[in-house]
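Engineer: make a model of this:
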Amino acid sequence: MNRLLYQKSLSYKGYLIIPFVFGKADNHEIYSYKLISDIGAKSQYHKAENPAKIYGSSVDNIVNIAKEHIDQHCDRVSDRDMFKHRYVFRNNLIIVSQEAGKYYYDHYLPDSLNNIAAPKLFNSEYECWCWVKQGIDSLNVEQKVRQN
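Structural biologist: Now for the predicted structure:
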């Protein structure tokens, strides 16, 4: 699968819509999307790939298709924005969350929706973000050393 376009993702009614380039036809990109649910595996659409089974001609087009599918088919929607504190760093998606005064994060690689975050709690969002950035930077250095 191609790289997920986290920088173009959109939080909508308890879901994070993540577009990606599905393929090309006549030198035109065809877009698809994946979803992450704020309630995780309790949702039938958590980590689902294009449940609408419709593809788009642009990022805006595919996001609208995903929103329409959520509006028509999801029995549970949320007004809270669990994805408000999301960051893209070196094509990785980082979602920082808070519960009971402690912070934690979810970390998704550029081409996968498998959460690889370490089970660790932090006292602030900044402390959490610094930990994640340091980890990604060190992985990037390791990869460059192995390539040389």
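
Engineer: how far out from the middle of the chain is the strand or helix carrying Leu93?
Structural biologist: Per DSSP states H and E, Leu93 falls inside strand 92-99. Remark: strand 92-99 is offset 10 Å from the chain centroid, using C-alpha atoms, centre = their mean, to the nearest Å.

Engineer: and the following helix or strand past that strand, what does it pack onto?
Structural biologist: Under the assignment DSSP H and E, the closest C-terminal helix or strand after strand 92-99 is strand 102-108. Packing contacts for strand 102-108, counted by 3 or more C-beta pairs under 8 Å, 6 or more residues apart in numbering; DSSP states H and E, involve strand 92-99, helix 125-147. All C-beta spots, glycine's among them, are computed from the backbone N, C-alpha and C.

Engineer: check the ones you listed for me: which has the lowest mean pLDDT.
Structural biologist: If you rank the helices and strands packed on strand 102-108 by mean pLDDT, helix 125-147 sits at the bottom with a mean of 81.

Engineer: in contact with Asn91, which residues?
Structural biologist: 3, 6, 110 (C-beta atoms under 8 Å, 6 or more residues apart in numbering).

Engineer: what about it, distance to Asn114?
Structural biologist: 15 Å (C-beta to C-beta, to the nearest Å).

Engineer: what's the answer for Lys42, then?
Structural biologist: 17 Å.

Engineer: over to Lys102?
Structural biologist: In terms of C-beta to C-beta, Lys102 sits 23 Å off from Asn114.
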